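[1] Below is the sequence, then the predicted model.
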Amino acid sequence: MTISVRLDDKDSKLIKTYAKMNNISLSDLIRTALLEKIEDEYDLKCYESAIKDYKKNPKTYTLDEVKKELGLE
C-alpha cells in the first residue's frame, strides 16, 4: 500500500535529517513511528480500563496466590 503525506519544508527536512542520522529509510521511520503511536494509545486505553475495573473492585492478589489459583505450583 502506498500512502501520501503532505509536509511543509521544515517538517520534511527534519524527518529526512532524522532518518539519515539513524541510517533508516523514510518508510521505515514513518512506519515505526506510526505503529509505536498506535501501540502507545492502545496501551493507555488498556491501562485506563484496568484502573476503572480496579476502582470498582480493589482486590489484589500476590504472585503466589495467582500461581496457586492457576495450578502453577
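    Alright, I've got the coordinates.

[2] remind me which residues of this protein are low pLDDT?
    Within the chain, no range satisfies pLDDT under 70.

[3] max-length helix in it?
    When the chain is parsed with DSSP state H, its longest helix is helix 26-56.

[4] so what does that one touch, helix or strand wise?
    Here helix 26-56 touches helix 9-21, going by 3 or more Cβ pairs under 8 Å, 6 or more residues apart in numbering; DSSP states H and E. In this view, the C-beta of every residue, glycine as well, is placed from N, C-alpha and C.

[5] any idea how far the helix it packs on is from the chain center?
    Averaging C-alpha coordinates over helix 9-21 and over its chain gives two centres that are 23 Å apart (Cα atoms, centre = their mean, to the nearest Å).

[6] outside of it, which residues touch it?
    For helix 9-21, the surrounding residues in contact (Cβ atoms under 8 Å, 6 or more residues apart in numbering) are 7, 25-26, 28-30.

[7] Kindly recompute the last result at 7 Å.
    Contacts to helix 9-21, defined as Cβ atoms under 7 Å, 6 or more residues apart in numbering, come from residues 7, 25-26, 29.

[8] do stretch 23-37 as well
    15-16, 18-19.
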